[in-house]
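In: coords please:
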Amino acid sequence: MSDFKEKLTDFYNKFNEDKRLLRRHGQVEYLTSLKYIHEYLRPKDKIIDIGAGSGRYALALKAEGYDVTALEYVRPNIGKIRAKDKQIRIIEGSATDMSMFDDDEFDVGIMFGPMYHLYEKSDRIKALNEAKRICRRYLFVTYIMNEYSVIEYAFKDDMYKQIKDKLDENYHINDPDALFFQYRIEDIDELNEICGLRSVRRFASDGPSDYMRSTLNRMDDETFAAFLDFHLKTCERKELLGASSHIVDILTK
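Out: Numbers count the residues shown, from 1 in each chain. Have a look, this model is predicted:
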């Protein structure tokens, strides 16, 4: 096992993704992402969830009757998916090499994890090109945003002095040893241009919710419903995208 895969496996052994997505800030991300995915699905679509994690999206879509394949790199996550559904098709593999799949084998691809962990630009290009090759109509790709990470960890968590050597003069995070790579909008645009992909829509899957975890947890149900409605009606606004924790690019060839 490579050192990086060992670090990633150790992280996901400790991190409870299902629990995160069930909390209110996670519900915002999950419900928003599913809403947009459903807008682009057709009956009987074949879907691949690339970097399926604990299977939250793959299992939900399979339960709705879609033909779903889960591709996952980390073995503990594969075990979590199998424990929930022994019938789902799961393949262990990396987003940078999907040679086991044919061209245009799937109608829609979901890639909600791999771009977090690909620090080398060449690997990010490989992953997008592979996903482009095997997905016929649409590809949903999630990115962690740079400004959120700087605001949250350098300043809100008062970690600036500990991480300042990881920031360039423009406050772009540069840490090759980190498990996560942070993006700016221009980084994403550059990757799309290199890979010949066209962004159809772009939305903030969680908007300000990650900054507001404790506030959201204190809200009564009526106020939280209003916040979710506000978020869904503003999550494509360009002035808000870069400050979101995550954004999703809906891509086509």
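
In: so where is the stretch 1-150 of the chain shaky, pLDDT-wise?
Out: 1-2, 15-19, 21 (pLDDT under 70).

In: where along it do the strands fall?
Out: 46-50, 67-72, 89-92, 106-111, 135-145 (DSSP state E, counting those that start in this stretch).

In: in the longest helix anywhere in the chain, what counts as buried?
Out: If you go by DSSP state H, the chain has its longest helix at helix 24-40. By neighbour count with 16 or more other C-beta atoms under 10 Å, helix 24-40 contains the buried residues 24-30, 32-34, 36-37, 40. For the C-beta atoms, the positions are set from N, CA and C on the backbone; glycine is no exception.

In: What is it packed up against?
Out: Helix 24-40 is packed against helix 17-22, helix 56-63, strand 106-111, strand 135-145, strand 198-204, helix 213-218, helix 221-234, strand 246-252, with contacts defined by 3 or more C-beta pairs under 8 Å, 6 or more residues apart in numbering; DSSP states H and E.

In: The ones you listed: which one's closest to residue 88?
Out: Minimum separation from residue 88 across the helices and strands packed on helix 24-40 (C-beta to C-beta) falls at helix 56-63, 5.6 Å.

In: Buried residues, that closest one. List them.
Out: Those would be 56-59, 61-62, for helix 56-63 by 16+ other C-beta under 10 Å.

In: okay if I get the strands of the stretch 1-150 of the chain as a markdown table plus distance to residue 240 and mean neighbour count?
Out: Shown next, in a markdown table, are those (distance: least, C-beta to C-beta, whole Å; neighbours: other C-beta atoms under 10 Å):
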| stretch | distance to residue 240 | mean neighbour count |
| --- | --- | --- |
| strand 46-50 | 26 | 25 |
| strand 67-72 | 31 | 24 |
| strand 89-92 | 35 | 15 |
| strand 106-111 | 22 | 24 |
| strand 135-145 | 11 | 22 |
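
In: just so I know, which of those strands lies nearest residue 239?
Out: strand 135-145 (13.4 Å).

In: Can you check what angle separates that closest one from strand 106-111?
Out: 10 degrees (axes from the mean of the first three to the mean of the last three C-alpha atoms, to 10 degrees).

In: Tell me who's in contact with residue 117.
Out: 8, 179-181 (C-beta atoms under 8 Å, 6 or more residues apart in numbering).

In: Please disregard the earlier target; I meant residue 199.
Out: 188-189, 192, 249-251.

In: since we're on the closest residue to it other than its chain neighbours, how many residues are nearby?
Out: Nearest residue to residue 199 in three dimensions, chain neighbours excluded: residue 249, at 5.3 Å (C-beta to C-beta, 6 or more residues apart in numbering). Neighbour count for residue 249, taken as other C-beta atoms under 10 Å: 24.

In: Run a quick check on residue 249 versus residue 202, I expect a contact.
Out: Yes - counting by C-beta atoms under 8 Å, residue 249 touches residue 202, with 5.3 Å between them.

In: what do those two both touch?
Out: Joint contacts of residue 249 and residue 202 (C-beta under 8 Å, 6+ apart) do not exist.

In: ok, back up a step: run through the bridge partners of the residue nearest to residue 199.
Out: residue 141, residue 202 (DSSP bridges).

In: Would you check how far apart it and residue 142 are?
Out: Counting by C-beta to C-beta, to the nearest Å, the gap from residue 249 to residue 142 is 8 Å.

In: sorry, back to before: in a markdown table, list the strands of the stretch 1-150 of the chain along with distance to residue 231.
Out: Shown next, in a markdown table, are those (distance: least, C-beta to C-beta, whole Å):
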| stretch | distance to residue 231 |
| --- | --- |
| strand 46-50 | 23 |
| strand 67-72 | 26 |
| strand 89-92 | 32 |
| strand 106-111 | 20 |
| strand 135-145 | 16 |
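
In: Nearest approach to residue 228 belongs to which of these?
Out: So among these, strand 135-145 is nearest, using C-beta to C-beta, at 18.8 Å.
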